[in-house]
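# Pasting a predicted model and its sequence here:
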Amino acid sequence: MNFGRARKSALAGDERKRDIESSIPPGVELAGAWAWRILAIVGVMVVFGLLIIQLREIVIPFMISVLIAALLVPFVDLLVRHRWPKGLAVAVTMIGTLAIVSGLIYLVVWQIRGGFPDLQTRSVAAYEQFREFLRTSSLQIDDTQFDAYVQQGIKALQSDSDALLSGALTVGSTAGHVLTGMLLVLFSTLFILIDGRGIWRWIVRLFPRKARPAVDGSGRAGWLTLTTFVKVQIFVALVDAVGIGLGAWILGLFFGGFPLVIPIAIAVFLGSFIPVVGAVATGAIAIFVALVFLGPVPALIMLGIVLLVQQVEGHILQPLVMGTAVKVHPLAVVFAVAGGSFLAGIPGALFAVPVVAVVNVMVNYVASGAWRVNPRPQVKDVVSTNE
């Protein structure tokens, strides 16, 4: 008897539940289903981001080492294919990379030490000439007003630069943090070159057995995208550096010489690793040097050279070369760099595009089901899957 009443009560409850569900419009039901899934994804991303912020002094050196390893692994593999011992191939690659970086640093320091005193003297003279121009022009800006404007500009620049340089993911403000970060980069890069495949196999084994083929294939696809991105970005940065540096050198032939051409070209090369804005920001150094040493007209010409190089990068190199390599829309690149710099300063701007490109390829690879038929993708497979 009690069993019958319980069954009738359960049937009545099920009927009321069906009535309630039938009264909900399909659009609201679909929106609700999407809403809780989106909230779950956002919650996981927030927790992951907070974890990265707490471990920033480890995460940033590791990400730098991954970018460096993405460039150096093909060289190690090339030497191994030519019957070099693995240890010797890794040692030669690491020592050669450190030698190149040290040589560039020495060259920049040597050039700056030779040209900085003259640049400082000319900068002070140009500054005084500019103040005299403001006093005697129709603007009639005296020294008191000018100093007030300068102080306001310095305060605004300091607040903006603090947000940019520190951000959410700063490398560290002390020399000890910087040294620790450099050592982590060196050791991480070394171990990735020695046993990167073994490390990845260990990571894959952390996932459930049924998910391992998808995780392994998507990771391989992401790694191929990252290696392609690094190689293409170096090519784009080299074009920017050669274009702006060569333009400055040619401009100096007509105006009595352009100082610090090599440090400017190296600064443009490094700055170009931040897409869209890097070459323009570092190209401003060339414009400033042209203004101080050569005058307003050469500075305007230098501005035109910087903008021309940026147009070549934006309309030719990025769509044809970078777009083919990583399949990320230029608008997504702009927003990724802006969002990364807002959240994490310079590290965020540097890592934004490769992270977006790798995640985009990995998600598309898993969603397309390509891992079922092609668990070891090649470059052509990654490009076709991402189209």
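Noted; the coordinates are in hand.

# use CA for all of it now, contacts and neighbours both
Noted.

# quick one: low-confidence ranges for the stretch 101-250 of the chain?
For the stretch 101-250 of the chain, applying pLDDT under 70 flags the ranges 115-116, 127, 133-134, 137-140, 142-143, 146, 149-150, 153-177.

# what about the helices in it?
Secondary structure of the stretch 101-250 of the chain (DSSP state H, counting those that start in this stretch): helices at 143-165, 175-204, 212-254.

# which one of the ones you listed is the most hemmed in?
Mean neighbour count (mean count of other Cα atoms under 10 Å) peaks for helix 212-254 among these, with a mean of 21.

# Was I right to think residue 313 contacts residue 236?
Yes - using Cα atoms under 8 Å, residue 313 is in contact with residue 236, at 7.1 Å.

# Residue 36 is nearest to which of the helices of the stretch 101-250 of the chain?
Set against residue 36 and scored by Cα to Cα, the helices of the stretch 101-250 of the chain come closest in helix 212-254, at 24.6 Å.

# Past the closest one, which element shows up next along the chain?
Moving toward the C-terminus from helix 212-254, the next helix or strand (DSSP states H and E) is helix 261-271.

# packing partners for that next one?
helix 86-136, helix 212-254, helix 278-293 (3 or more Cα pairs under 8 Å, 6 or more residues apart in numbering; DSSP states H and E).

# Please enumerate residues in contact with the shortest one?
For helix 278-293, the external contacting residues (Cα atoms under 8 Å, 6 or more residues apart in numbering) are 119, 122-123, 126, 237, 240, 244, 248, 258-259, 264, 267-269, 271-272, 296-300, 302-303, 306-307, 310.

# Mind pulling up the pLDDT for residue 384?
Residue 384 is assigned 48 on the pLDDT scale.

# picking that back up, as CSV, the helices and strands packed on helix 261-271 with distance to residue 193 would be great.
What follows is the helices and strands packed on helix 261-271, written out as CSV (distance: least, Cα to Cα, whole Å):
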stretch, distance to residue 193
helix 86-136, 6
helix 212-254, 13
helix 278-293, 29
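
# between these, which one is nearest to residue 195?
helix 86-136 (10.0 Å).

# Measure how that closest one sits relative to helix 261-271, angle-wise.
If you take axes from the mean of the first three to the mean of the last three Cα atoms, to 10 degrees, helix 86-136 sits at 110 degrees to helix 261-271.
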